[in-house]
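1. mind looking at a prediction? Sequence and model below.
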Amino acid sequence: MIRIPDRRRTAVASLTAVAILVLAVAPAAADWPQFHNSEARTGVSLTETDLTPSNVSRMKILWSKSAGHSTEGVNSSPVIADGIVYIGSDDGHLWAYSANTGALRWSKWAGGPVRSTPAVYNGNVFVGSNDGYLYKFSAANGAKRWAKRLGGDVTGSPLVIGGVVYIGSRGGNFYALSAADGSVIWKYNTWSVWDGAAYSNGTVYVGSDQSKLFAFNATNGNLKWEFDSWGRVRSTPAVAGGKVYFGSDGGRLYALDAASGVKRWVGAAVAPGDGYVRSAPAVADGRVYVTTGETTVPMNGHVVAYAVDAATDGRLVGYLWKHKLADYSTSSPAFANDVLYLGSFDHRLYALDPSNGDELWTSGWCSSGCLTRGISGSPAINNGKVYIGVRDGRVYAFGLP
């Protein structure tokens, strides 16, 4: 249901004193600098050429490195910029490794478990922490630039556009902050925000535990529209082709008109009352992909693909395929060079054929040399390698031998 803005937004800084240029800064050609790669959060790499559907079956672990000691390991997702992999860990640190070798560049304390996925912008790294702060570190050496208290766990992935950081917290607010000094430009009471926001054409989209998706004017925080979903929204939205896609804890995948918030279609990725969609959708080549967590016993999950038709305003062509996983998944699929990558709590990283869901490769199950715990984060693809954090407390790089 669409609702008219009700002006609950609270302005906390003079907009006339702050010049906000909402312009996307182009990353280096093969970087994956923010969650799901881009500000639109579609999870697509347009530069990957080394890994293909015909050779991905030969992938193996190229390196793995510890990200500290903690009970729950790594629940953050990796990002890559200028040859460095950045990722958070439940040990309370932000870690930086050489993308090629895994050599540790630096690690810095961030106050509490770091389940937020970092964002790299203009030589700095922004990341949230369960201590209730958003941090800014130097990308080169990890020097702390500032820390801004937001209240509540900050588990979402910062969205950085044109010198503005957009981030929500479980404390109940969604913020636009100055990337330069962390000052608040505007904020809005959304209720608890678990995940990140997406951006397109001057609009920021974010979901919350109020079972809503919100659309804000990125510059001044004016509420453009809000949509009532069936179930809490703990899925980072993705924007493509004039549509915004997101999942809900009601097990639905929604497609809305990005400008108006009008519902275009909804797909039941999970049987009613039987699970959730917490992954960010990947959107590529006329298809939308999500993973699911299902509360049946034993718990399991699926990768679900839907086909859409750009010629008919993105209308749903229909359910395309479903690939069963051995456990539930919150991992957001990533699409690169006609291969779909994702993780699962079943201890495996997958590479699937995006056209039919066939398994091209999996990291497999074994007593040694494979992943010994589940994956809650999402993969990043960069220069022939797939990077992933695992709840065993390690960061892995997979690629061709």
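-> Great, that's in hand. Just so it is clear, the model here is predicted, and its values are computed rather than measured.

2. SS state for the residue nearest to residue 394 when sequence neighbours are not counted?
-> Closest residue to residue 394 apart from its sequence neighbours, by Cβ to Cβ, 6 or more residues apart in numbering: residue 64 at 4.9 Å. Just so you know, the C-beta spots here come from the backbone N, C-alpha and C atoms, and that holds for glycine as well. Three-state assignment for residue 64 (DSSP: H, G, I helix; E, B strand; the rest coil): strand.

3. count of neighbours near residue 64?
-> By the criterion of other Cβ atoms under 10 Å, residue 64 has 17 neighbours.

4. try residue 386
-> Applying other Cβ under 10 Å, we find 27 residues neighbouring residue 386.

5. how about the secondary structure of it?
-> strand.

6. so it touches residue 399, yeah?
-> Yes: between residue 386 and residue 399 there is a contact under Cβ atoms under 8 Å: 6.9 Å.

7. between these two, what contacts are shared?
-> Taking Cβ atoms under 8 Å, 6 or more residues apart in numbering as the criterion, residue 386 and residue 399 both touch 51, 59.

8. quick one on the thing from earlier: on the pLDDT front, check the residue nearest to residue 394 for me.
-> The model reports residue 64 with a pLDDT of 97.

9. so, low pLDDT: which residues of the stretch 301-401 of the chain?
-> The model of the stretch 301-401 of the chain has pLDDT under 70 over residues 367-369.

10. for it, which segments count as strands?
-> Per DSSP state E, counting those that start in this stretch, the stretch 301-401 of the chain carries strands over the ranges 301-309, 315-325, 334-336, 339-343, 349-352, 359-362, 380-382, 385-390, 394-399.

11. measure the closest residue to residue 315 other than its chain neighbours to residue 316 for me?
-> Nearest residue to residue 315, sequence neighbours excluded (Cβ to Cβ, 6+ apart): residue 309, at 5.5 Å. Separation of residue 309 from residue 316 (Cβ to Cβ, to the nearest Å): 8 Å.

12. neighbour-wise, which of the two wins?
-> residue 316 (17 against 12).

13. from residue 252, how far off is that one?
-> Taking Cβ to Cβ as the measure, residue 316 falls 12 Å from residue 252.

14. shared neighbours, those two?
-> Taking Cβ under 8 Å, 6+ apart as the contact rule, residue 316 and residue 252 both touch residue 267.

15. what would the strands of the stretch 301-401 of the chain look like in a markdown table with distance to residue 40?
-> Formatted as a markdown table, the strands of the stretch 301-401 of the chain follow (distance: least, Cβ to Cβ, whole Å):
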| stretch | distance to residue 40 |
| --- | --- |
| strand 301-309 | 16 |
| strand 315-325 | 20 |
| strand 334-336 | 13 |
| strand 339-343 | 18 |
| strand 349-352 | 22 |
| strand 359-362 | 26 |
| strand 380-382 | 16 |
| strand 385-390 | 21 |
| strand 394-399 | 25 |
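
16. do a quick rundown of the strands in the stretch 51-200 of the chain.
-> Under DSSP E, counting those that start in this stretch, the stretch 51-200 of the chain gives strands at 60-66, 79-81, 84-88, 93-98, 104-109, 119-121, 124-128, 133-138, 144-149, 159-161, 164-168, 173-178, 184-189, 198-200.

17. closest to residue 232 out of those?
-> strand 164-168 (13.0 Å; Cβ to Cβ).
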